[in-house]
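# structure for the following, please:
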Amino acid sequence: MSEARTESTGGAEATEDTGTTGATDATDATEDATATTGGAADAAPARPRRRQARGEARIAQLLKAASRVFCTNGYTAASTNAIAREAGVSPGTLYQFFPNKEAIAVELGDQLLNRWRETYGAAFLPNHLELPLDRMLDAILDPLIEFNCENPAFTVLMHGSEIPGTITQDHDAVHTTMLSRVETILTGYLPDTPPAEIHRVATMIFILFKAGLDVIMAHEGAEREAYTKELKTVLFRYVEPMVCDAAPLTAPRAAPSTTPPAPPNGR
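Below is the predicted model:
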């Protein structure tokens, strides 16, 4: 990673943190054996080891700064110097904890993916099969949308074209798991539907969700809420005709009604 070496030897900027703060960070890094040695800057991105409290606080500070820089500049245009400036530290301090930009992205990506797993785990619950379709969409979509809006760097790191391979591999594994969860829920609503068709429907739901999420995240406030309702309406009207002829396995089918069910939010 030539960028890490170039920036770390950039003269006064890389050494300006030689006062108390720099000494403290250097001590933390030394105590926890996290300093990079030899040619580590040219090696694959390393995952930082566990650190003491002050070191962990500094890492959290750097990762928050990296998240903002990745969102503002994109991953490719981001640099360790920009991340250090955003964090209010010198590049020298940053290099005590991360050898290069890739290592920062891997650590941030790991943390976000773990939180994403927790989020979708709480969203895709078996008892959602007991809910009416509109309420099921609310129960699943709301936490997923909220997570992405609160963590915009997640989208940057998971879908960029030049993101470190380990991140995209982990994301692909999570995507496969989520797709399987959607297929399980669909099978509950459509027990007689062939698996191949279930897979196609689940894939289309993912595509619709991703497209709608991009629009939602591009807006704020009332407009964001309005587009969230639109996405739920689109998904409801896509799925509802399929389930109208098949009752959920966990709930008896209601008597036919001459009034069509209302989509989410009464539209």
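
# right, and the helix or strand after the top helix by length along the chain?
Across the chain, the longest stretch assigned as helix under DSSP state H is helix 165-189. Using DSSP states H and E, the helix or strand that follows helix 165-189 in sequence is helix 195-217.

# now that following helix against helix 165-189, angle please.
If you take axes from the mean of the first three to the mean of the last three CA atoms, to 10 degrees, helix 195-217 sits at 120 degrees to helix 165-189.

# same question for helix 195-217, mean pLDDT?
In this model, helix 195-217 has a mean pLDDT of 96.

# using CSV, list the CA coordinates for it.
The C-alpha coordinates for helix 195-217 follow below in CSV (Å, rounded to 0.1, in the frame of the first residue of the first chain):
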residue,chain,number,x,y,z
PRO,A,195,-38.9,-23.4,-4.6
ALA,A,196,-37.6,-21.9,-7.8
GLU,A,197,-40.5,-19.4,-7.9
ILE,A,198,-40.0,-18.6,-4.3
HIS,A,199,-36.4,-17.8,-5.0
ARG,A,200,-37.3,-15.5,-7.9
VAL,A,201,-39.9,-13.6,-5.8
ALA,A,202,-37.4,-13.2,-2.9
THR,A,203,-34.7,-11.9,-5.3
MET,A,204,-37.2,-9.4,-6.7
ILE,A,205,-38.1,-8.2,-3.2
PHE,A,206,-34.4,-7.6,-2.5
ILE,A,207,-34.0,-5.7,-5.7
LEU,A,208,-37.0,-3.5,-5.0
PHE,A,209,-35.9,-3.0,-1.4
LYS,A,210,-32.4,-1.9,-2.5
ALA,A,211,-33.7,0.5,-5.1
GLY,A,212,-36.2,2.0,-2.6
LEU,A,213,-33.6,2.2,0.1
ASP,A,214,-31.3,4.3,-2.1
VAL,A,215,-34.1,6.8,-2.7
ILE,A,216,-35.0,6.9,1.0
MET,A,217,-31.4,7.5,2.1
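
# list the buried residues in it.
Neighbour-count burial for helix 195-217 flags 198, 201-202, 205, 209, 212-213, 216 (criterion: 16 or more other CB atoms under 10 Å). Just so you know, the C-beta spots here come from the backbone N, C-alpha and C atoms, and that holds for glycine as well.

# closest one to Ile59 out of the residues you listed, please.
Leu213 (28.7 Å; CB to CB).

# what's the closest non-adjacent residue to the closest one?
Residue nearest to Leu213 in three dimensions, not counting chain neighbours: Asn148, with 5.9 Å by CB to CB, 6 or more residues apart in numbering.

# do Met204 as well
In space, Met204 is closest to Tyr238, 7.2 Å off (CB to CB, 6+ apart).

# distance check, the residue nearest to Leu213 against Lys232.
Noted for Asn148: a distance of 15 Å to Lys232, by CB to CB, to the nearest Å.

# can you list contacts of stretch 115-129?
Stretch 115-129 has contacts (CB atoms under 8 Å, 6 or more residues apart in numbering) with 136, 139-144, 147, 151, 154, 174, 178, 181-182, 184-185, 188-189, 248-251.

# re earlier: isn't the residue nearest to Leu213 right up against Val215?
No: assessed by CB atoms under 8 Å, Asn148 is found out of contact with Val215, at 11.8 Å.

# dump the residue contacts of Cys149.
For Cys149, the contacting residues are 216-217, 224, by CB under 8 Å, 6+ apart.

# got a pLDDT number for it?
pLDDT, Cys149: 96.

# next one: it from Ile185, what distance?
In terms of CB to CB, Cys149 sits 23 Å off from Ile185.

# how far does stretch 94-113 sit from the chain's center?
15 Å (CA atoms, centre = their mean, to the nearest Å).

# pull the CA atoms of that stretch into PDB?
Written as PDB, here are the backbone C-alpha positions of stretch 94-113 (Å, rounded to 0.1, in the frame of the first residue of the first chain):
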ATOM      1  CA  LEU A  94      -3.500   7.000  12.900                       C
ATOM      2  CA  TYR A  95      -0.600   4.700  11.800                       C
ATOM      3  CA  GLN A  96      -0.100   3.600  15.400                       C
ATOM      4  CA  PHE A  97      -3.400   1.800  15.100                       C
ATOM      5  CA  PHE A  98      -4.000   1.100  11.400                       C
ATOM      6  CA  PRO A  99      -1.300   0.500   8.800                       C
ATOM      7  CA  ASN A 100      -3.400   1.800   5.900                       C
ATOM      8  CA  LYS A 101      -6.800   2.800   4.600                       C
ATOM      9  CA  GLU A 102      -7.700  -0.800   3.800                       C
ATOM     10  CA  ALA A 103      -7.200  -1.900   7.400                       C
ATOM     11  CA  ILE A 104      -9.500   0.900   8.600                       C
ATOM     12  CA  ALA A 105     -12.200  -0.200   6.100                       C
ATOM     13  CA  VAL A 106     -12.000  -3.800   7.200                       C
ATOM     14  CA  GLU A 107     -12.300  -3.000  10.900                       C
ATOM     15  CA  LEU A 108     -15.200  -0.600  10.200                       C
ATOM     16  CA  GLY A 109     -16.900  -3.100   7.900                       C
ATOM     17  CA  ASP A 110     -16.600  -5.800  10.500                       C
ATOM     18  CA  GLN A 111     -18.300  -3.700  13.100                       C
ATOM     19  CA  LEU A 112     -21.100  -2.600  10.800                       C
ATOM     20  CA  LEU A 113     -21.700  -6.200   9.500                       C
END
